[in-house]
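>>> Take this sequence and fold it.
(3 chains)
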Amino acid sequence: MTVSVSLPEVWSALEDVRARRPLVHNITSYVAMTVSANALLALGALPAMAHATEEVEDFVATADALVINIGTLSSDLSAAMRKAAKHAGEVGKPWVLDPVGCGASAYRTHAAVALAALAPDVIRGNASEILSLAGEASAGKGVESISRAEEATGAAMALAKRTGAVVAVTGAVDYVTGGGAPIPVRTGHALMPLSTAIGCALSAVIAAFTAVRPPREAALAALAVFGAAGSAAAGRCRGPGHLPAEICDALYLMSPDTLGQHARIGAPVAG
Amino acid sequence: MTVSVSLPEVWSALEDVRARRPLVHNITSYVAMTVSANALLALGALPAMAHATEEVEDFVATADALVINIGTLSSDLSAAMRKAAKHAGEVGKPWVLDPVGCGASAYRTHAAVALAALAPDVIRGNASEILSLAGEASAGKGVESISRAEEATGAAMALAKRTGAVVAVTGAVDYVTGGGAPIPVRTGHALMPLSTAIGCALSAVIAAFTAVRPPREAALAALAVFGAAGSAAAGRCRGPGHLPAEICDALYLMSPDTLGQHARIGAPVAG
Amino acid sequence: MTVSVSLPEVWSALEDVRARRPLVHNITSYVAMTVSANALLALGALPAMAHATEEVEDFVATADALVINIGTLSSDLSAAMRKAAKHAGEVGKPWVLDPVGCGASAYRTHAAVALAALAPDVIRGNASEILSLAGEASAGKGVESISRAEEATGAAMALAKRTGAVVAVTGAVDYVTGGGAPIPVRTGHALMPLSTAIGCALSAVIAAFTAVRPPREAALAALAVFGAAGSAAAGRCRGPGHLPAEICDALYLMSPDTLGQHARIGAPVAG
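Below you'll find the model as predicted:
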């Protein structure tokens, strides 16, 4: 049986993030750095963006959690990512893998598969990325998903079982699975995919929650909080332009009321 | 005789971009990545930002168009750019060259000249960049132009003839030439040069239009649509701070009325 | 005796920046590039972002000032930084060092110490960074300061004496010292540390002022203008999301009244 998480429990996790101010080490895409750092700060966490192989172990050792995002992969970054992921395992720090564009090139898929084998605590991707990382047919268009999240829940469960990670597949509805029946999170807004790196920022926010909760609870709480922020933010926007700034404001101003109004963590779907 | 493009034809091209959602592969400056990706998404296209030499050919093969921007050039990026440009030629994908800062250093000028020799479909730059790339005296200040676009129309025509590319030189008035008399596009706003990477985002938008129209029509349509968005956006701003976000909203909300109100594609100037 | 700078003198310096439009060469963090370039443009300066070792000397030679920021350090960037800093000394261009995260890793601390030995005109950092760079115990958390600026004024004075640089340590109150008693600058807003790379943008703005004033006056003027912009901007914000855009608008719209309303350059504190 898969036990879900209630919104009061989500709120309690957010309060713990705000109180503890976890340091989240980001090895991430150049596209995503600024919005990820700003989302973490608005949430109440502290970001560190550092990717030199000479220093990633020092940052992992100091940080409370790590997020690795392969968006603008290169050989230098790839080496730093593997080193950081291994060290996170050695020193017991939770880490999140965002396999951006997995399936879009053999290079990228191999890098994502290699990182997934290093025991991430959470893997978050869109349907195409999760399908590809799980070894099923990919339906991506570059780094964009053209599959629905519902089509990837089976792949997410298989990927969770193989890697030991909690897998979050995000889309119009998000799903979280630790291998069992995926739990849906109903929140967010259709404008969110029209602003770049919003999913990347979500992965960073998941990492912040892994500093205060076990992986499955952390993923569910982060999806609910970030999706509620996105939904509240979109209500203040005419288009996608101001969405990143509004999401940061909504994270900064998040309240139990806003959370309750914009997020539902539903019953498990049959898996 | 140089045939221009009407605003209804521009609108039709935008409708085709929105319907087809072309995937635009960006090998671009770290400064320009976020705003380029957001402009493409707001326009209705899909961005991919990937620059590892190991995967650029895969992305070119999947993409509908490519944009190469040398803003934050390095030896790694330079190699990836040449590889991607060559592959675009091999597989028949249209591509746009943005020779940022051409003339500001010998290194940068050589890189831009080498890329221009690889048959880009469109080259877009400010007056200083186009003058330098055409082999005439540059008057840049770092990557900023201190020449007026009108001073570079002759160089643009020569560059178009030598490379086979359509050349767009942008400034207070923009000009497009395929070697013949430059066609002016009167749009945009004086705030636009006060926000970084707006010209880079324009180059990405031109690439999106090359996926649905031949190069000259694509360049004219992109200049008109992007300039109209900039002009409409500036009307909502007190300064340059919110301009990138407002341009994205204006691209997202673009209508025939807004286009007609903010853009004029004029008669050819004597060249 | 330490002589301060009056707000009319600060305003005069800003007018000189706006009139001369200094070209500021940035070798900076990927997180900070966009906001730094936008702050410089809004201020009235011209940014150039270029970091290839093959061209940094050309950019230094053309630029009016240089800022080096080690935020996303790598071996390639580190080599470019040292080359640029040396060349700035050879050709007599003022430059500013922003030792982001100094103390967070041995790699980062060594790089910052080596750059500080190359005679920067100004060093700007938070308390943790200045304490670490001065060789005293660091109290950073990743790249975030958890010390108060007041705890680092002694270290700032020692660092200024050792390096010959003017040292600015920023926090709730900022302090500037050329080795003598630190001069406090009371401005800014508590939202500013909740938006990434705002301090980095400040360092770029200091560099712009070094093109028109000696280092100590430049640092004081930049702190007052940027802090006033931050304070005015925060008054228009519900949270940190729109702060970078609002700071750019406030820099663009800065007036003697706004400056006077939001900044105080106080009496020297006992050092």
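
>>> give the contact list for A:A229.
A:247, A:250-251, A:254, A:258, A:262 (Cβ atoms under 8 Å, 6 or more residues apart in numbering or on different chains). (Each C-beta comes from the backbone N, C-alpha and C, glycine too.)

>>> Chain A: helices as residue ranges?
All helices of chain A, identified by DSSP state H, fall at A:7-20, A:33-43, A:56-62, A:75-91, A:106-116, A:127-133, A:153-163, A:198-210, A:215-234, A:243-252, A:256-262.

>>> right, so of these, which gets closest to C:A52?
C:A52 lies closest, by Cβ to Cβ, to one member of those: helix A:75-91, at 15.0 Å.

>>> Could you tell me which residues within that closest one count as buried?
Residues of helix A:75-91 classed as buried by neighbour count (16 or more other Cβ atoms under 10 Å in any protein chain shown): A:76-78, A:80-85, A:87-88.

>>> again, but for stretch A:256-265
Across stretch A:256-265, burial judged by 16+ other Cβ under 10 Å covers A:258-259, A:262-263, A:265.

>>> now, which of those residues sits nearest chain C?
For these, the minimum distance to chain C (Cβ to the nearest Cβ) is 12.5 Å, reached by A:T258.

>>> Chain neighbours aside, what residue packs nearest to the closest one?
A:A232 (5.4 Å; Cβ to Cβ, 6 or more residues apart in numbering or on different chains).

>>> Also A:R108?
By the measure of Cβ to Cβ, 6+ apart, the closest residue to A:R108 outside its immediate chain neighbours is A:G101, 5.2 Å from it.

>>> returning to what we had before: mind picking the two most distant members of the buried residues of stretch A:256-265?
A:T258 and A:I265 (15.0 Å).

>>> Reformat the helices of chain A as TSV; add mean pLDDT.
Formatted as TSV, the helices of chain A follow (pLDDT from 0 to 100):
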stretch	mean pLDDT
helix A:7-20	98
helix A:33-43	98
helix A:56-62	97
helix A:75-91	97
helix A:106-116	97
helix A:127-133	96
helix A:153-163	97
helix A:198-210	98
helix A:215-234	98
helix A:243-252	98
helix A:256-262	98
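
>>> just so I know, which of the ones you listed lies nearest C:R20?
Minimum separation from C:R20 across the helices of chain A (Cβ to Cβ) falls at helix A:33-43, 29.3 Å.

>>> close to chain C, is that closest one?
Yes: using Cβ under 8 Å from any Cβ of the partner chain, helix A:33-43 reaches chain C at A:33-34, A:37-38, A:41-42.

>>> Most neighbours out of those, which is it?
The residue in those with the most neighbours, by other Cβ atoms under 10 Å in any protein chain shown, is A:M33 (35 neighbours).

>>> C:M33 is in contact with that one, correct?
No: contact criterion Cβ atoms under 8 Å: A:M33 and C:M33 do not qualify, at 9.4 Å.

>>> Does A:H262 touch A:F226 like I think?
No: using Cβ under 8 Å, A:H262 makes no contact with A:F226, being 10.4 Å away.

>>> For A:L251, give me its contacts.
By Cβ under 8 Å, 6+ apart, the residues touching A:L251 are A:39, A:42-43, A:205, A:225-226, A:229, C:239.

>>> Not counting sequence-adjacent ones, nearest residue to it?
Per Cβ to Cβ, 6+ apart, closest to A:L251 is A:A42, 4.1 Å.

>>> correct me, but the one you found touches A:C248?
Yes: between A:A42 and A:C248 there is a contact under Cβ under 8 Å: 3.9 Å.

>>> what sits in contact with each of those two?
C:239-241.

>>> Tell me the one among those residues nearest to C:R216.
Nearest to C:R216 out of those is C:P240 (Cβ to Cβ; 30.5 Å).

>>> give me the number of residues near the closest one?
Neighbours around C:P240, by other Cβ under 10 Å: 25.

>>> Relative to chain A, how far out is it?
6 Å (Cβ to the nearest Cβ, to the nearest Å).

>>> Settle this for me: that residue is touching C:T196, isn't it.
No: judged on Cβ under 8 Å, C:P240 makes no contact with C:T196 at a distance of 9.1 Å.

>>> Need the overlap of contacts for the two.
Common neighbours of C:P240 and C:T196 (criterion: Cβ under 8 Å, 6+ apart): A:38, A:41.

>>> follow-up on the earlier one: okay if I get the buried residues of stretch A:256-265 as CSV plus distance to B:V166?
What follows is those, written out as CSV (distance: Cβ to Cβ, whole Å):
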residue, distance to B:V166
A:T258, 49
A:L259, 51
A:H262, 47
A:A263, 49
A:I265, 52
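
>>> From these, pick the one nearest C:D174.
A:T258 (34.8 Å).

>>> what's near enough to touch that closest one?
By Cβ under 8 Å, 6+ apart, A:T258 lies in contact with A:228-229, A:232, A:250.

>>> Most neighbours out of those, which is it?
A:A229 (33 neighbours).

>>> what's the spacing between that one and A:H189?
10 Å (Cβ to Cβ, to the nearest Å).

>>> Buried residues of stretch A:125-139, list them for me.
A:125-134, A:136, A:138-139.

>>> for stretch A:67-77, that is, sorry about that
By neighbour count with 16+ other Cβ under 10 Å, stretch A:67-77 contains the buried residues A:67-74, A:76-77.

>>> quick one: which of those residues is nearest chain C?
Taking Cβ to the nearest Cβ as the measure, A:D76 is the one of the buried residues of stretch A:67-77 closest to chain C, at 6.9 Å.

>>> ok, that closest one touching A:T53?
Yes: with contact defined as Cβ under 8 Å, A:D76 and A:T53 form a contacting pair (7.3 Å).
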